[in-house]
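Visitor: The amino acid sequence is not available; the structure is as follows:
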């Protein structure tokens, strides 16, 4: 006797083998069952109805190839931050190789390398958040696109935390013989601690889904402000180095205000700029 | 008469968007509606509709949500978003223009 459930399980297996996503598969299965019900209602035997329904739906390869076309697109700003992080990594590696080496410089170099990558990842995540808010004000995002962005966000949050934590530990090891202590609560160290706390909270919030990806992307903008303080703001305070721009405090302040403005815009209704224009023209 | 592949592809977006202006719907019902309106002449391969629906969702034109049928079966419902209405308006203008030009060419007495 024909077993419908077993046959549908077999069909699902074939579809899954062709790389159709589970959610799309659930939707297709719903469709298949509706078609079978309808054909049986019209008098077809169940086995024949299923074969006809499968035929109408298309072969696993054909359906999968159509879905594959959708998967290839990645949001442009997300591509940009991936490329930027790779470029920074290559640049730092090159600088470490060409700069004159001292015996104690290896540890310091490793510290600079890892902290820079960790801070850069947080800044880039903040940039992604700004782009997200920009589009949010204009048109909004589909749930599928947000789900795709979730993968990029959690990867960057993970990279940021791992590198910053490693860099902080390396800095502490370097500080003991050179400064006489592991930790001294100076402005840069407090800044690094703030960044680490931020990155940890962000990653855990993401991992345990305490907040939606859309909301997290808005909050990621504040991460940019924290890194801005830890990286450039503290350098102004302790006069360690000013990154070639002695008077950049006003610039830093403006960047902080602009960042915060974008953060606040993230809480406005989706597409509010577009709906205003529509009312005007219609 | 069976529509050619290119026609099916080009008409799928305006057809789906137009059906969704009638109210929220789901894949199976959309296909049935197309068959009903075309008297069975437009026969999509059922599986081809879903990538179109997902593409429309990616483009922020439709919104999806999981719901339940009367029998308790899981169903994914789609509804039109403002972006979809804009797209439909543009498509309507373009299809109407093409239709008008072809009508004039094929029936010159009405031009």
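Guide: That came through, no problem. This one's a predicted model, so the numbers in the text were calculated from it and none came from an experiment.

Visitor: is chain B contacted by whichever strand or helix holds residue A:9?
Guide: When elements are assigned from DSSP states H and E, residue A:9 belongs to helix A:4-17. No - figure legend: helix A:4-17 not in contact with chain B (CB under 8 Å from any CB of the partner chain); closest approach 9.4 Å. Just so you know, the C-beta spots here come from the backbone N, C-alpha and C atoms, and that holds for glycine as well.

Visitor: Give me the contacts around that helix.
Guide: A:22, A:25, A:28-29, A:32-33, A:36, A:46-47, A:50, A:54, A:60, A:63-64 (CB atoms under 8 Å, 6 or more residues apart in numbering or on different chains).

Visitor: buried subset of these?
Guide: Among those, the ones that count as buried by 16 or more other CB atoms under 10 Å in any protein chain shown are A:25, A:28-29, A:32-33, A:36, A:46, A:50, A:54, A:60, A:63-64.

Visitor: Those residues: which two are farthest apart?
Guide: The most widely separated members of the buried ones among the contacts of helix A:4-17, counting by CB to CB, are A:46 and A:64 (26.1 Å).

Visitor: quick check: longest helix of chain B.
Guide: helix B:82-106 (DSSP state H).

Visitor: Which positions in it come out as buried?
Guide: Quick answer for helix B:82-106 (16+ other CB under 10 Å): B:82-84, B:87-88, B:91.

Visitor: now, among these, which is nearest to residue A:77?
Guide: Residue A:77 has its nearest neighbour among these in residue B:83, at 18.9 Å by CB to CB.

Visitor: can you pull the contacts of that closest one?
Guide: A:139-140, B:59-61.

Visitor: any chance of these in JSON lines, plus pLDDT and secondary structure?
Guide: Output for those, formatted as JSON lines (pLDDT from 0 to 100; DSSP: H, G, I helix; E, B strand; the rest coil):
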{"residue": "A:139", "pLDDT": "78", "secondary structure": "coil"}
{"residue": "A:140", "pLDDT": "74", "secondary structure": "coil"}
{"residue": "B:59", "pLDDT": "77", "secondary structure": "coil"}
{"residue": "B:60", "pLDDT": "79", "secondary structure": "coil"}
{"residue": "B:61", "pLDDT": "87", "secondary structure": "coil"}
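
Visitor: could you flag which of those are buried?
Guide: Among these, the ones that count as buried by 16+ other CB under 10 Å are A:139-140, B:59-61.

Visitor: Present the residues you listed as CSV; the columns should include distance to residue B:5.
Guide: Listed next are the buried ones among the contacts of residue B:83 as CSV, based on distance: CB to CB, whole Å:
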residue, distance to residue B:5
A:139, 31
A:140, 33
B:59, 22
B:60, 27
B:61, 23
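
Visitor: who in chain B is up against chain A?
Guide: Residues of chain B lying close to chain A (CB under 8 Å from any CB) are B:26-28, B:45-48, B:50-51, B:54-55, B:57-60, B:63-64, B:73-76, B:81-83, B:86.

Visitor: And the buried ones among these, selectable in PyMOL?
Guide: Buried subset of the residues of chain B next to chain A, written as a PyMOL selection, criterion 16+ other CB under 10 Å:
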select buried, chain B and resi 26+27+28+45+46+47+48+50+51+54+55+57+58+59+60+63+64+75+76+81+82+83
